[in-house]
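Q: Output the structure for:
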Amino acid sequence: MGPIARGQVADVSRTVLAPLTSVLLLLPLLAGCSADEPGARGDGTPTTAAPSASAVASEEPAPKPLLIGAFRYVSPCRLLGPDDVREIYGKPGPYADITQEGIDSPQPVYPNGREVDSQCWYRFDDKANTSVQLYVDQYPSKRAARKAFASTLRLGRGTLSKQIERDLRKDSPLADVLRGLLEIQKENEAKGGGVRTPAIGEDIAFVSGRGWFEALRGNLVLRLKRSQYQGTPFDAVSIKGTVQQTQEAFRRIDERLADPDLDQTRVDSWWPDTAADGWAPFARVCDVLDDEAMATATGRAVPDTVTDESVVLKPKVRLRRNHLPGSRSVSNRCERRQREPGSDENAMYGDLQIWYTPPGHTGGELLDGAFVRTISGVQAEGDVTIDQWRSQGYLTDIDVKGADKAYTLTSEPDGKHDRWIAAQVGDRVLVLDVSEFGDKSVSVPLGQLLAAMEVAIANLEDATP
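A: The predicted structure is shown next:
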């Protein structure tokens with residue numbers, strides 16, 4: 001048996017170019033902009049309210065709000081939740097899932113006013129392969145957000161390309177250079193240029209080259225997109241078909257932004273109506289792989305960004321696959337990324353998957369099947385066994401505090417390459433990998449990975465509703 005390759009997550013393109021099938025009315029560029037107010041939300045609402053005189057002294061103090069500069073952080077799926085997208089965009093299919101990206105710990109303040117990127121992505125798994133994406137770029141100042149939104153409008157007007165064309169009418173030794181710049185600029189304008197859409201709402205533009213609506217809301221720039229992949233090449237939904245849906249979506253988004261106490265946490269890692277009868281109880285996976293677990297693995301107290309991928313909407317569809325526990329199981333996943341401030345070098349990635357035992361199986365059966373599936377893919381479960389890995393020196397049994405049984409696996413039998421730990425905790429299986437990505441992928445030392453897994457296991461009960 002050869003070296004084991006790291007399992008790959010399917011690469012799904014999140015950018016769909018959409019031709020503009022109908023043109024919406026344009027509003028004149030609005031010149032009035034409000035000044036930044038420290039301590040305000042993206043819509044200008046104060047971040048904190050005066051304490052109530054009736055507050056009970058014995059109550060625990062409320063946690064401090066998570067801030068971007070002086071503004072409250074916004075959890076994107078709290079702006080447009082799972083129930084919202086179902087009511088607005090229709091019924092999702094059984095394999096529908098939710099991905100959330102953002103932060104859950106204070107971030108460093110960058111001198112250049114760098115924004116925090118966040119998004120909420122619903123994949124419907126319906127006949128048209130509908131997806132709804134809400135991107136929320138969160139700036140430390142309203143001025144920075146206005147500048148970003150103004151750039152989109154400027155590209156839509158073709159301001160720079162028109163200037164270059166005027167320059168080309170004059171004799172210039174730089175004519176060849178200007179022609180090259182003009183071609184690049186026109187491409188940028190076609191992809192990123194937006195025009196105001198008063199039919200949708202105030203300070204909202206449509207970016208035809210990206211197929212999304214972009215809105216300015218205080219220190220936030222939001223981009224909302226509904227796509228339907230109907231074949232190759234992908235065809236995005238026409239504007240005509242999304243006007244009412246987009247209007248309603250922004251109405252709800254604005255309503256949530258007006259709430260000074262909007263929940264800053266992620267939504268659960270499953271749909272609200274997911275039927276989990278007979279399955280192991282689901283856990284909030286990024287509360288299991290929390291900041292402490294990540295810092296334990298990496299030895300770095302560096303703020304991280306988080307991706308949370310949910311369980312599918314209807315787990316029972318997996319029972320139709322075959323008799324193998326890994327193939328029939330469902331999972332959710334958390335990825336944490338640590339980067340040194342201002343640098344993308346030597347980034348640390350933590351990846352935790354939690355697999356849930358399906359009806360009719362045990363956690364012990366799932367441990368082997370889920371581990372094989374995680375490392376080698378869903379098709380490998382019937383062909384590859386734990387004993388094969390063990391006999392060739394790739395897999396070792398390991399004691400993990402709080403686990404019923406656990407393995408560690410390396411991609412080379414010298415134990416110095418990519419390493420995973422899989423641990424059975426009752427009827428759930430946790431699979432953890434923490435690596436540094438630079439010029440090479442290097443796993444953290446086994447002792448640190450083991451300690452991080454034990455922290456995650458200790459978090460499991462509290463992360464289970």
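Q: which ones are touching residue 116?
A: For residue 116, the contact set (CB atoms under 8 Å, 6 or more residues apart in numbering) comprises 68, 73, 102, 103, 107, 137, 138. Bear in mind the C-beta positions are built from the backbone N, C-alpha and C, glycine included.
Q: can you do 6 Å?
A: By CB atoms under 6 Å, 6 or more residues apart in numbering, the residues touching residue 116 are 68, 138.
Q: how close does it get to residue 141?
A: Distance check for residue 116 against residue 141: by CB to CB, to the nearest Å, it reads 13 Å.
Q: go on, residue 264?
A: Residue 264 is 19 Å from residue 141, by CB to CB.
Q: same deal with residue 260?
A: Separation of residue 260 from residue 141 (CB to CB): 19 Å.
Q: and those two? which has more neighbours close in?
A: A count of neighbours by other CB atoms under 10 Å puts residue 141 above the other of residue 260 and residue 141, at 18 against 15.
Q: can you give me phi and psi for that one?
A: With angles defined as degrees, to the nearest 10, residue 141 sits at phi -150, psi 150.
Q: so what pLDDT did it get?
A: In this model, residue 141 is scored at 94, pLDDT.
Q: The residue nearest the centre of the chain sits in which helix or strand?
A: Residue closest to the mean C-alpha point of the chain, counted by CA atoms, centre = their mean, is residue 101 at 2.6 Å. Assigned by DSSP states H and E, residue 101 falls within strand 97-103.
Q: hey, where'd the helices end up in the protein?
A: 76-79, 82-89, 142-157, 159-168, 175-192, 243-257, 285-288, 291-298, 325-328, 363-376, 386-391, 446-460 (DSSP state H).
Q: need the ones you listed in TSV with distance to residue 276 and mean neighbour count, can you?
A: Shown next, in TSV, are the helices of the chain (distance: least, CB to CB, whole Å; neighbours: other CB atoms under 10 Å):
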stretch	distance to residue 276	mean neighbour count
helix 76-79	20	24
helix 82-89	15	18
helix 142-157	40	18
helix 159-168	54	15
helix 175-192	42	14
helix 243-257	27	18
helix 285-288	14	24
helix 291-298	24	22
helix 325-328	14	23
helix 363-376	15	23
helix 386-391	27	15
helix 446-460	16	20
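Q: Any idea which of these gets closest to residue 269?
A: Checking the helices of the chain against residue 269 by CB to CB gives helix 285-288 as the closest, at 5.1 Å.
Q: Can I get the closest one as PDB, trimmed to CA atoms?
A: The C-alpha coordinates for helix 285-288 follow below in PDB (Å, rounded to 0.1, in the frame of the first residue of the first chain):
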ATOM      1  CA  VAL A 285     -18.600  21.900  15.800                       C
ATOM      2  CA  CYS A 286     -16.700  25.200  16.000                       C
ATOM      3  CA  ASP A 287     -17.500  25.300  19.700                       C
ATOM      4  CA  VAL A 288     -15.800  22.000  20.000                       C
END
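Q: how about low-confidence regions in the stretch 351-465 of the chain?
A: 378-379, 413-418, 438-441 (pLDDT under 70).
Q: Try it again at 50.
A: Applying pLDDT under 50 to the stretch 351-465 of the chain picks out no residues at all.
Q: on that earlier part again, need the helices of the chain in CSV with distance to residue 305, can you?
A: Output for those, formatted as CSV (distance: least, CB to CB, whole Å):
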stretch, distance to residue 305
helix 76-79, 13
helix 82-89, 22
helix 142-157, 19
helix 159-168, 32
helix 175-192, 23
helix 243-257, 22
helix 285-288, 11
helix 291-298, 11
helix 325-328, 29
helix 363-376, 22
helix 386-391, 32
helix 446-460, 18
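Q: Which among the ones you listed is found nearest to residue 436?
A: With CB to CB, the closest approach to residue 436 among the helices of the chain belongs to helix 291-298: 7.8 Å.
Q: Run through who's touching the closest one.
A: Residues contacting helix 291-298 (CB under 6 Å, 6+ apart): 105, 301, 304, 336, 338, 348, 350, 434, 444, 448-449, 451-452, 455-456.
Q: from those residues, which two are the most distant?
A: Farthest pair in the contacts of helix 291-298 (CB to CB) is 105 and 449. Separation: 21.0 Å.
Q: Would you mind listing the residues in contact with residue 95?
A: When contacts are counted by CB under 6 Å, 6+ apart, residue 95 touches 125, 312.
Q: That should have said residue 206, apologies.
A: The contact partners of residue 206, taken as CB under 6 Å, 6+ apart, are 197, 213.
Q: what does residue 99 give?
A: Listed by CB under 6 Å, 6+ apart, the contact set of residue 99 reads 121, 309.
Q: next one: residue 454
A: Applying CB under 6 Å, 6+ apart, we find residue 454 in contact with residue 401.
Q: if you set the cut-off to 8 Å instead, what comes out?
A: 400, 401, 402 are the contacts of residue 454 under CB under 8 Å, 6+ apart.
Q: wait, what's in contact with the nearest residue to the last one once chain neighbours are set aside?
A: Pointing back at residue 402 there. In space, and not counting its chain neighbours, residue 402 is closest to residue 457: 3.9 Å by CB to CB, 6 or more residues apart in numbering. With contact set as CB under 8 Å, 6+ apart, residue 457 has these partners: 400, 401, 402, 403, 423, 425, 430.
Q: Which of the residues you listed ranks first by neighbour count?
A: Highest neighbour count within these, by other CB under 10 Å: residue 430, with 28 neighbours.
Q: Is it in contact with residue 449, as I believe?
A: No: counting by CB atoms under 8 Å, residue 449 is not a contact partner of residue 430; they are 11.9 Å apart.
Q: Measure how buried residue 115 is and give me the count.
A: Using other CB under 10 Å, residue 115 has 20 other residues around it.
Q: ok, now how distant is it from residue 68?
A: 8 Å.
Q: what does residue 99 give?
A: 21 Å.
Q: can you check residue 356 too?
A: 34 Å.
Q: ok, now residue 171?
A: 49 Å.
Q: Without its sequence neighbours, what residue ends up closest to residue 89?
A: residue 132 (5.7 Å).
Q: My read is that the one you found contacts residue 226, right?
A: Yes: Residue 132 is within contact range of residue 226, at 5.1 Å (criterion: CB under 8 Å).
Q: Of the two, give the one with the bigger neighbour count.
A: Taking other CB under 10 Å, residue 132 and residue 226 do not tie; residue 226 has more neighbours (25 against 22).
Q: Isn't the more buried one up against residue 131?
A: Yes: counting by CB under 8 Å, residue 226 touches residue 131, with 7.3 Å between them.
Q: coming back round to it: please name the residues that touch the residue nearest to residue 89.
A: Here residue 132 is in contact with 80, 85, 89, 121, 122, 124, 224, 225, 226 (CB under 8 Å, 6+ apart).
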